[in-house]
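Peer 1: Let me see the structure of the following:
(chains A, B and C)
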Amino acid sequence: MENPILKTESLTFSYPAEEGSKLVLEGVDLEIQAGSFVAILGHNGSGKSTLAKHMNAILLPSGGKVYVAGMDTTDEEKLLAIRRTVGMVFQNPDNQIVANVVEEDCAFGPENLGVPSDEIRKLVDDSLRVVGMYDYRRHAPHLLSGGQKQRIAIAGVLAMKPRCVVLDEPTAMLDPIGRREVLETVKALNESQGVTVVLITHHMDEAAQAGRLIVMSEGKVISDGPPRQVFQQVELLRSVGLAVPETVELLYELNQEGFSLPLDALSDEACAQTLYQLLSKD
Amino acid sequence: MTSPIIQTEKLCHTYSAGTPFEHRALIDVDFRAYPGELLGIIGHTGSGKSTLIQHLNGLLKPTSGRVLVEDRDIWESKAATRQARFRVGLVFQYPEYQLFEETVYKDISFGPRNMGLDEKEIDRRVRQAAAFVGLPDKVLDQSPFELSGGQKRRVAIAGVIAMEPAVLILDEPTAGLDPIGVAQIMDNIRDYHAAKNAAIIVISHSMEEMARRVDRLVVVNDGRIPLDGSPREVFAHRAELEAMGLGVPRMTRVFQRLKALGADVDSSVYTVEQAKEAFLSAFRRKGAM
Amino acid sequence: MALKDITLGQYFPGDTLLHRLDPRTKILLAVFYIVALFMARNALGYALLALSLIVAILISRVGFQAVFRGMKPVFFIVVFTAVLNLVYTPGAGEPLVAFWIVRIYWEGVRTAFFMVLRIMLLITCTFLLTYTTSPILLTDALETLLGPLKRLRIPVHELAMMMSIALRFIPTLIEETDKIMSAQKARGADFESGNLLQRAKALIPLLVPLFISAFRRADELAVAMECRCYHGGEGRTRMRQLRYVGRDYAALVLGLGLCIAVWALNRLGVF
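Peer 2: I've put the predicted structure just below:
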């Protein structure tokens, strides 16, 4: 098995001719290991969505290379193989659901791949169970909530048995309940199904749940590491228009008052414990 | 207190009445907003909050009950309804999807033109509204469709601000924006608020966002208003809020936990600023002992 | 505006014999029925056809009310046809009614009556097809039935895909229309007053955003479909296989029987 599943080598990209062909990606070198859960954080226009679109050959590099499980994305022969290895979920749940019955939509991918009928049935049922939408298999998607629609979109991708799923701001249009549903589904995907997950987001709290966090700005990777570590760079993140989780922000603000607290509290509990130790120390 | 600029009396709204799909979206709602106040409305999807705001400018007609804008029933005459549309500006979610004109200028002028104002007044309002949302003059002659997502949204908000409403209602004005975009839009709204002393009503899912910006919070749940008060008062009802699928800001959660651990801190904080102060004062108290 | 009340491709879910028939069988039955309808020359033939449709409605349990409701929009056409036939059919004998330039003959009454009956039966038959078959099954069935046309380079798969995507997006676009309309009303747009020209002009603030949004959706959907390995109909399989079973063959034989019966009844020449 080839590790890493995704690899970019000095990847550059610019949209042809438009806007003076400004570079959207300026030399990105990344390796994403199979089975990991990676979040990519960045403000709008940082290049994070453009990077995501390179991960299954929706966009092709202007310079450099992208490899999916060892396959060069510019190799047209491999296009279908690449797309079934890396599935994509987009921001607007409405615009990626093809059929007007949930299970029909879920079957769309495997049908395109020419999977025999009875196997499709099993793939569809399994995927809908993983995202917890099996009971809705005969429903019309337009009557479901945003979070449910997004879970169906995930099931539709899952039915192709991809090794990696890239989600491009899947929660941007959802309410908090929908956001939680989707995030939990994504985590389950990674933990119980062993699928590699790349989550593109600008929500700090979602990014904090990943095992590895990559921060992008102006087409470059400016920070890369475990979330606890990345979020400690409060000034750097603020300078590129991002915030840090409020728990870290509080500890940071206290340090400005002369304390020297570790900035790694990502959970409420960790933050409360850090503060409690200070208050209970004699 | 002064009299409310907008209020509802026993407002009820039932969708698809008399069919199997009958749904009571609002039940006896008494809602008030006062001139110059910054008000937040929270509630999960389907709680009735969208139905409520669409009554405030007469887009929906009450099944029963009344809506008063500046002490006048907006359904008493056709003219009153139309007047309410202009006195109460409503910015929908993702307002950039309503842009349609060839230029930004023309799009912003759509509202004022519908009000029947003269060219000179329209021009003044368009330019002022554009300034409020930080759009430079050169953008006015551009097509709105060439702009970035954040700019498009500001054009759409300017289109409502240009009607100079006494009440400005914004449904999820920052949805889908990154932290910079959020801060810009919220500043724009605050500028309008400060300059015109208009009542601002913001609907948002983000408790943290709300907590920082509003004077008063109204919670809508199952077509009623179970909680109404200052953020501090409302966030004191954590269990109820959580039962409604809402929650309290992160800092409130952290400090309630801190208090439960045995620390002597004020657990009613809801912003980082307040949390910092609460911690520092607790720390000083300890030092003084 | 009652945009939400529009229901396209109306389908009444159910589990009756008619619902369970293979959609292809139902389309073929409808075709047989229409052929028989145009073959019918006398009252006996029409009576048989009307009776068989009534039986079918009873089996389907959609109710006569739903059928009549569907008839409403075409009521005007039916009346119009009836009047035309009534007035313009020349007759051999004495006119039944004669005033001014209008002459109504016995033949006119007869033609008008059968014409109305024929239109009504035709419409009812197609309604029954859509009432008992889900749109997606209907599309599937059309794709398979028209499959042989692929040899003539007619893009059958693509047409069927377009149809099912249209069905999927109609509710979404209706909802969107509602939203944009509210947003423009909030800016003082008036969609309800003025003369025809003013009203048409008032639609611009609605139609422009709607089209832009539809194109954006189409764009995103196309990318999403490609990501799910869509590459046309070639090598594509289907989760749900359409299969003829006993009842389908029986139904088809019945349909064919109906055609033959009508043809035979024509020879009896009653009326």
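Peer 1: Show me where the chain has its helices.
Peer 2: Looking at chain A here, since you left the chain open. Using DSSP state H, the helices of chain A run over residues A:48-54, A:79-85, A:102-112, A:117-130, A:146-158, A:176-191, A:204-207, A:227-230, A:234-239, A:246-256, A:268-280.
Peer 1: Correction: the question concerned chain B.
Peer 2: Using DSSP H, helices in chain B cover B:49-56, B:78-87, B:104-114, B:119-132, B:149-161, B:179-196, B:207-213, B:231-235, B:238-243, B:250-261, B:272-288.
Peer 1: can I get the CA coordinates of the first one in CSV?
Peer 2: Output for helix B:49-56, consisting of C-alpha atoms alone and laid out as CSV, is shown next (Å, rounded to 0.1, in the frame of the first residue of the first chain):
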residue,chain,number,x,y,z
LYS,B,49,-37.9,33.0,13.8
SER,B,50,-37.9,33.4,10.1
THR,B,51,-41.7,33.5,10.1
LEU,B,52,-41.6,36.2,12.8
ILE,B,53,-39.3,38.5,11.0
GLN,B,54,-41.3,38.2,7.8
HIS,B,55,-44.3,39.6,9.7
LEU,B,56,-42.4,42.6,10.9
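Peer 1: center of the chain, which residue is that?
Peer 2: I went with chain A, as the question did not name one. Nearest to the geometric centre of chain A sits A:Leu199, at 1.0 Å (CA atoms, centre = their mean).
Peer 1: Switch to chain B, please.
Peer 2: Central residue of chain B (CA atoms, centre = their mean): B:Val202, at 1.2 Å.
Peer 1: what's across from it in the sheet?
Peer 2: B:Gly40, B:Leu170 (DSSP bridges).
Peer 1: Distance of it relative to C:Phe38?
Peer 2: Going from B:Val202 to C:Phe38 by CB to CB, to the nearest Å gives 64 Å. All C-beta spots, glycine's among them, are computed from the backbone N, C-alpha and C.
Peer 1: can you check C:Ile174 too?
Peer 2: The value you get for C:Ile174 to C:Phe38, if CB to CB is used, is 36 Å.
Peer 1: Between these two, which is the more surrounded one?
Peer 2: Using other CB atoms under 10 Å in any protein chain shown as the criterion, C:Ile174 and C:Phe38 rank with C:Ile174 on top: 17 against 10.
Peer 1: and the more buried one, what element?
Peer 2: When elements are defined using DSSP states H and E, C:Ile174 is found to belong to helix C:156-186.
Peer 1: which residue packs closest to B:Ser64, ignoring adjacent ones?
Peer 2: Counting by CB to CB, 6 or more residues apart in numbering or on different chains, B:Ser64 lies nearest to B:Cys12, which is 4.6 Å off, once chain neighbours are set aside.
Peer 1: That neighbour reaches B:His23, doesn't it?
Peer 2: No. Using CB atoms under 8 Å, B:Cys12 makes no contact with B:His23, being 11.8 Å away.
Peer 1: Please list all residues in contact with C:His19.
Peer 2: Taking CB atoms under 8 Å, 6 or more residues apart in numbering or on different chains, we find C:His19 in contact with C:13, C:60, C:132-133.
Peer 1: of all these, which comes closest to chain A?
Peer 2: Comparing the contacts of C:His19 against chain A with CB to the nearest CB places C:Pro13 closest, at 9.1 Å.
Peer 1: what number of residues lie near the nearest residue to A:Arg84 once chain neighbours are set aside?
Peer 2: Spatially, and ignoring its direct neighbours in sequence, A:Arg84 is nearest to A:Met160 (5.1 Å; CB to CB, 6+ apart). By other CB under 10 Å, 23 other residues sit near A:Met160.
Peer 1: just checking, A:Met160 touches A:Glu111?
Peer 2: No. In this structure A:Met160 lies outside contact range of A:Glu111 using CB under 8 Å: 10.1 Å.
Peer 1: between the helices of chain B, which has the poorest average model confidence?
Peer 2: If the helices of chain B are sorted by mean pLDDT, helix B:207-213 sits at the bottom with a mean of 81.
Peer 1: That one and chain A in contact?
Peer 2: Yes. Interface with chain A: helix B:207-213 contributes B:Glu208 (CB under 8 Å from any CB of the partner chain).
Peer 1: got the CA coordinates for that helix in CSV?
Peer 2: Taking C-alpha atoms only, helix B:207-213 is exported to CSV below (Å, rounded to 0.1, in the frame of the first residue of the first chain):
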residue,chain,number,x,y,z
MET,B,207,-23.9,32.5,20.3
GLU,B,208,-20.4,33.9,20.5
GLU,B,209,-21.1,36.3,17.7
MET,B,210,-24.4,37.4,19.2
ALA,B,211,-23.0,37.7,22.7
ARG,B,212,-20.4,40.2,21.6
ARG,B,213,-22.7,42.5,19.7
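Peer 1: counting contacts, what elements does that helix pack onto?
Peer 2: Other elements packing on helix B:207-213 under the criterion 3 or more CB pairs under 8 Å, 6 or more residues apart in numbering or on different chains; DSSP states H and E are strand B:38-42, helix B:179-196, helix B:231-235.
Peer 1: Of the ones you listed, which is nearest A:Leu189?
Peer 2: helix B:179-196 (27.1 Å; CB to CB).
Peer 1: What residues of that closest one count as buried?
Peer 2: B:179-182, B:184-186, B:188-189, B:192-193, B:196 (16 or more other CB atoms under 10 Å in any protein chain shown).
Peer 1: What of stretch A:235-247?
Peer 2: A:237, A:240-247.
Peer 1: same deal with stretch B:215-222?
Peer 2: Quick answer for stretch B:215-222 (16+ other CB under 10 Å): B:216-221.
Peer 1: before we move on, what about stretch A:116-134?
Peer 2: In stretch A:116-134, counting by 16+ other CB under 10 Å, buried: A:120-121, A:123-128, A:130-131, A:133-134.
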